[in-house]
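1. quick one, structure for this:
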Amino acid sequence: MSLRSFVESQVDFAFEQIGDLKTMVVFSGKESTEYNHASGEVEISGAAEMVALGVVESNYSTISGEGHTVYHMDILFNKKEMSSVSKLHTFDHVTVNNTTHPIINFVDDGYTVTVTVSLR
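-> Have a look, this model is predicted:
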């Protein structure tokens, strides 16, 4: 077994053990249209919605450069369980427990995806 396969199996196992700590997260974004010069047609790009199960890893606050307190939440996902990872940059909001939050950042390490959202 290669090292990559071993790490993937351990990530899968960890997310299986999390069980009911996982929560449904709905990603939403804006579809955009672009003109395709080759075909001469307007094409729709971007992703409208994606649903994934993730676990809230942490809630924390930071101090902005202007001295304001900013509240964030990190949500961790198994990359293999996300259907549109390649279109993650097209999403701008997530809905968790019936509350919508803007996406601040996401990190894809090849095995997991951590999405940071603003709580304000």
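2. now residue 113, which residues is it bridged with?
-> Taking DSSP bridges as the rule, residue 113 bridges to residue 77, residue 108.
3. relative to residue 106, how far out is it?
-> According to CB to CB, to the nearest Å, residue 113 and residue 106 sit 6 Å apart. Where you see a C-beta, it was placed from the backbone N, CA and C, and this is true even at glycine.
4. cool, residue 61 as well?
-> Distance of residue 61 to residue 106, given as CB to CB: 20 Å.
5. over to residue 34?
-> Distance, residue 34 to residue 106, using CB to CB: 23 Å.
6. before we move on, back to that, neighbour count: residue 61 and residue 106, which is higher?
-> residue 106 (19 against 10; other CB atoms under 10 Å).
7. tell me the pLDDT of residue 120.
-> According to the prediction, residue 120 has pLDDT 76.
8. heads up, I number from 169, so please use that
-> Noted, 169 is the first residue going forward, which turns the last one into residue 288.
9. where does the chain dip in pLDDT?
-> Low-confidence segments of the chain (pLDDT under 70): 199, 213-215.
10. residue 269 contacts residue 262, correct?
-> Yes: between residue 269 and residue 262 there is a contact at 5.6 Å, judged by CB atoms under 8 Å.
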